[in-house]
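Enquirer: Predicted model and sequence below, questions to follow.
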Amino acid sequence: MNGLRSRRIESVIEAVGNTPLVRLRRVTKNAPDIKVYAKLEFTNPGGSVKDRAASRMMLDALADGRLTRDKILIDSTSGNTGVAYSIFGAALGIKVRLVMPSNVSKARKDIARAFGTEIIYSDPMEGSDGAIQFVRKLVAETPDPYFYPDQYSNPSNPLAHYLGTGKEILDCLGDEVTHFVAGLGTTGTMMGTARRLKEHHRPIQCIAVEPDDAFHGLEGLKHLPSSLVPAIYDPSLADETMRVSTESGWDMADALAREEGLHVGHSSGANIFAAVRIAEQLQREQKLGCIVAIVADRGDRYFAPLKWENRYAW
């Protein structure tokens, strides 16, 4: 903690970024010589990695006039970006309307609504792709009231990670970093961070994680072969794609809670599972390595929250 000081900020938006890296010791017990760090994106004010993209998309649009306070921000989301839009919309005085599959976790719905956000539900069987098609149709029919950032196509999404996540990793670990691991959803985290890491003077392997099946339980990740591929996706930036099963992601999330004191979401479990696999391979090959994996959000976001009560009975 030496040298760290509390900082004073003017808005919750300024709290985004500068998330910590924690070294994992127990889930990596079979690769003791390899450093594996989890980048704890749940320490962002909205509780997820999506705070970075949402704040960047909103601030860039406000700066160039695409977003004004008489517009309604509308986008599709599986939850975390919606929570981020909701928080920053409240802070900036911007109305937010979200399209979500109706089977998104209750916690995410309730958190978004707490900030005054309106939610429109799409068909749960059509997943995130159905929500994308729904919002595009809605905006095409009535464009005037809306600012539609379209997180899957907006260059400000990966830019947030180019300017933030990638730079932070290099500032903290520098020449030590050999591998970076992130899941593919909108793909913004991988695209922007990898682009920045590949500008470093030493080579850094960037590994993308996606579910191994179209019908999966790793909320927030996309099985790209069976999905609408985001416009911001550039396959050349990932040196390798690792496909992870739902069971492996869930089991690693459980292990992180029990053994490392990190209660994380299942997509984060998949990212760490991939990072540990890489570490074990390096250990077997008697190579050195330093791996950074994204922990996108906390596990409690997937629980049904307690109901807020206005009155108490004693």
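Expert: Right, received. Where do you want to start?
Enquirer: Check which helix or strand Leu62 maps to.
Expert: helix 50-64 (DSSP states H and E).
Enquirer: That helix: which residues count as buried?
Expert: For helix 50-64, the neighbour count (16 or more other CB atoms under 10 Å) marks Lys50, Asp51, Arg52, Ala53, Ala54, Ser55, Arg56, Met57, Met58, Leu59, Asp60, Ala61 as buried. (Each C-beta comes from the backbone N, C-alpha and C, glycine too.)
Enquirer: nearest to Ala279, of those?
Expert: Proximity of the buried residues of helix 50-64 to Ala279 (CB to CB) peaks at Arg52, which lies at 25.6 Å.
Enquirer: mind checking how far that closest one is from Gly192?
Expert: Distance from Arg52 to Gly192, counting by CB to CB, to the nearest Å: 9 Å.
Enquirer: Pull up the overlap in contacts between these two.
Expert: Residues touching both Arg52 and Gly192 (CB atoms under 8 Å, 6 or more residues apart in numbering) are Ala160, His161, Thr165.
Enquirer: Just give the closest residue to the second one, not the sequence neighbours.
Expert: With CB to CB, 6 or more residues apart in numbering as the criterion, His161 has its nearest non-adjacent residue at 3.0 Å, and that residue is Gly192.
Enquirer: now the first one
Expert: The shortest distance from Ala160 to any residue other than its chain neighbours is 3.6 Å, reached at Arg56 (CB to CB, 6+ apart).
Enquirer: Then the last one?
Expert: The shortest distance from Thr165 to any residue other than its chain neighbours is 4.6 Å, reached at Thr193 (CB to CB, 6+ apart).
Enquirer: Can I get stretch 87-103 as PDB, trimmed to CA atoms?
Expert: Once non-C-alpha atoms are left out, stretch 87-103 reads as follows in PDB (Å, rounded to 0.1, in the frame of the first residue of the first chain):
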ATOM      1  CA  ILE A  87     -25.300   4.700 -13.500                       C
ATOM      2  CA  PHE A  88     -23.700   7.100 -15.800                       C
ATOM      3  CA  GLY A  89     -27.000   8.200 -17.300                       C
ATOM      4  CA  ALA A  90     -28.100   9.100 -13.800                       C
ATOM      5  CA  ALA A  91     -24.900  11.000 -13.200                       C
ATOM      6  CA  LEU A  92     -25.100  12.900 -16.500                       C
ATOM      7  CA  GLY A  93     -28.800  13.600 -16.500                       C
ATOM      8  CA  ILE A  94     -29.500  11.400 -19.500                       C
ATOM      9  CA  LYS A  95     -32.500   9.100 -19.800                       C
ATOM     10  CA  VAL A  96     -31.700   5.400 -20.500                       C
ATOM     11  CA  ARG A  97     -33.900   2.700 -22.100                       C
ATOM     12  CA  LEU A  98     -32.500  -0.800 -22.500                       C
ATOM     13  CA  VAL A  99     -33.500  -3.900 -24.400                       C
ATOM     14  CA  MET A 100     -32.600  -7.100 -22.500                       C
ATOM     15  CA  PRO A 101     -33.500 -10.800 -22.900                       C
ATOM     16  CA  SER A 102     -36.100 -11.400 -20.200                       C
ATOM     17  CA  ASN A 103     -34.000 -14.200 -18.700                       C
END
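Enquirer: from the middle of its chain, how far away would that stretch be?
Expert: Relative to the chain's own centre, stretch 87-103 is displaced by 17 Å; criterion: CA atoms, centre = their mean, to the nearest Å.
Enquirer: With stretch 129-146 instead?
Expert: Using CA atoms, centre = their mean, the offset of stretch 129-146 from its chain centre is 23 Å.
Enquirer: One more: stretch 67-85?
Expert: 15 Å.
Enquirer: Tell me if I am right that Thr68 is in a helix.
Expert: No - counting by DSSP: H, G, I helix; E, B strand; the rest coil, Thr68 falls outside a helix, being coil.
Enquirer: Adjust the sequence numbering to begin at 270 for everything that follows.
Expert: Sure, I'll start counting at 270 from here, so that last one is Thr337.
Enquirer: neighbours of it, just the number please.
Expert: Neighbours of Thr337 under the rule other CB atoms under 10 Å: 10.
Enquirer: OK, contacts around it?
Expert: Counted by CB under 8 Å, 6+ apart, Thr337 has contacts Leu331, Phe416.
Enquirer: What does it show for phi and psi?
Expert: Taking degrees, to the nearest 10, you get phi -130, psi 170 for the backbone angles of Thr337.
Enquirer: again with Pro393
Expert: Residue torsions, per degrees, to the nearest 10, at Pro393 are phi -60, psi -30.
Enquirer: Not counting sequence-adjacent ones, nearest residue to it?
Expert: Asn372 (3.8 Å).
Enquirer: where's that neighbour relative to Glu529, distance?
Expert: To Glu529, Asn372 is 29 Å away according to CB to CB.
Enquirer: which of these two has more neighbours?
Expert: Glu529 (18 against 14).
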